[in-house]
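**Q** What would the 3D arrangement of this be:
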Amino acid sequence: MMLSPNMANKGPSYGMSREVQSKIEKKYDEELEERLVEWIIVQCGPDVGRPDRGRLGFQVWLKNGVILSKLVNSLYPDGSKPVKVPENPPSMVFKQMEQVAQFLKAAEDYGVIKTDMFQTVDLFEGKDMAAVQRTLMALGSLAVTKNDGHYRGDPNWFMKKAQEHKREFTESQLQEGKHVIGLQMGTNRGASQAGMTGYGRPRQIIS
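**A** Down below sits the predicted model:
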């Protein structure tokens, strides 16, 4: 049986996964990596070291979850650090993954939304390091926006515009929301659907 050049070079599923992986890798931003590395070192202190440049170096640096845990802990005051950091970095795979999972929970509790969160395998297996960058950017943006004295580094490293817009939107809708609720209470008080008499006129129910 003759193999077509396509079949000979790669199987369909392998080709598809390679294509997807290639697209994911293109999303990874090496300039962003530099900024995140600088922030993590400033935020956590020089003890965390510095990774080799590039996606793989960044992954290896963060993979065991210890630096990530130190990072999120540094955004909290002493006495209320959310993640327990082991004295010796975990060497067993499940312990490392557990450490990363603790960081993810703490980041979500801090305010990072689910759509900005990476999955443990994205980091651990290097499946999507761009997603890891996205989570760290979201964390940094929140830290700058909160402005509670725990952020270290240049505030211009992160944008806080999204959070500001969100807050303005909430405030601008507040009065309108109260007005709508007030109207609904005015027309619906003491009424049930069964007690409607004519269009839009509630029947008064006297107890």
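
**Q** which stretches of the chain have low pLDDT?
**A** Confidence mapping of the chain against pLDDT under 70 gives the ranges 1-26, 161-207.

**Q** which stretches of it form strands?
**A** Remark: strands of the chain are absent; assignment by DSSP state E.

**Q** What residues of stretch 112-120 count as buried?
**A** Buried residues in stretch 112-120, defined by neighbour count with 16 or more other CB atoms under 10 Å: 112, 116, 117, 118, 119, 120. For glycine as for every other residue, the C-beta is placed from the backbone atoms N, C-alpha and C.

**Q** what residues does it touch?
**A** Residues from elsewhere that reach stretch 112-120, judged by CB atoms under 8 Å, 6 or more residues apart in numbering: 97, 100-101, 104, 107-108, 127-128, 131-132, 134-135, 137-139, 142.

**Q** Residue 153 is in contact with residue 38, correct?
**A** Yes: look at residue 38 against residue 153 with CB atoms under 8 Å: they come within range, at 7.2 Å.

**Q** which of those two has more neighbours?
**A** residue 153 (17 against 14; other CB atoms under 10 Å).

**Q** wait, doesn't that one sit right on residue 37?
**A** No: counting by CB under 8 Å, residue 153 does not reach residue 37; the two are 11.3 Å apart.

**Q** For burial, what's the neighbour tally of residue 132?
**A** Other residues near residue 132 come to 25 when the count uses other CB under 10 Å.

**Q** Residue 142 now?
**A** Neighbourhood size, residue 142 [other CB under 10 Å]: 21.

**Q** so what's it closest to, chain neighbours aside?
**A** Ranked by CB to CB, 6 or more residues apart in numbering and with sequence neighbours excluded, the top spatial neighbour of residue 142 is residue 111, at 4.9 Å.

**Q** Okay, residue 65 and residue 81: tell me how far apart.
**A** Between residue 65 and residue 81 the distance is 14 Å, computed by CB to CB, to the nearest Å.

**Q** Specify which residue of these two has the higher count of neighbours.
**A** residue 65 (26 against 16).

**Q** Can you name the residues that contact that one?
**A** The contact partners of residue 65, taken as CB under 8 Å, 6+ apart, are 90, 96, 97, 98, 99, 100, 101, 102, 103.

**Q** Could you rerun that using 6 Å?
**A** Going by CB atoms under 6 Å, 6 or more residues apart in numbering, residue 65 touches 96, 99, 100, 103.

**Q** Residue 106 too?
**A** Going by CB under 6 Å, 6+ apart, residue 106 touches 72, 82, 83.

**Q** Can you give me the distance of residue 123 to residue 67?
**A** To residue 67, residue 123 is 11 Å away according to CB to CB.
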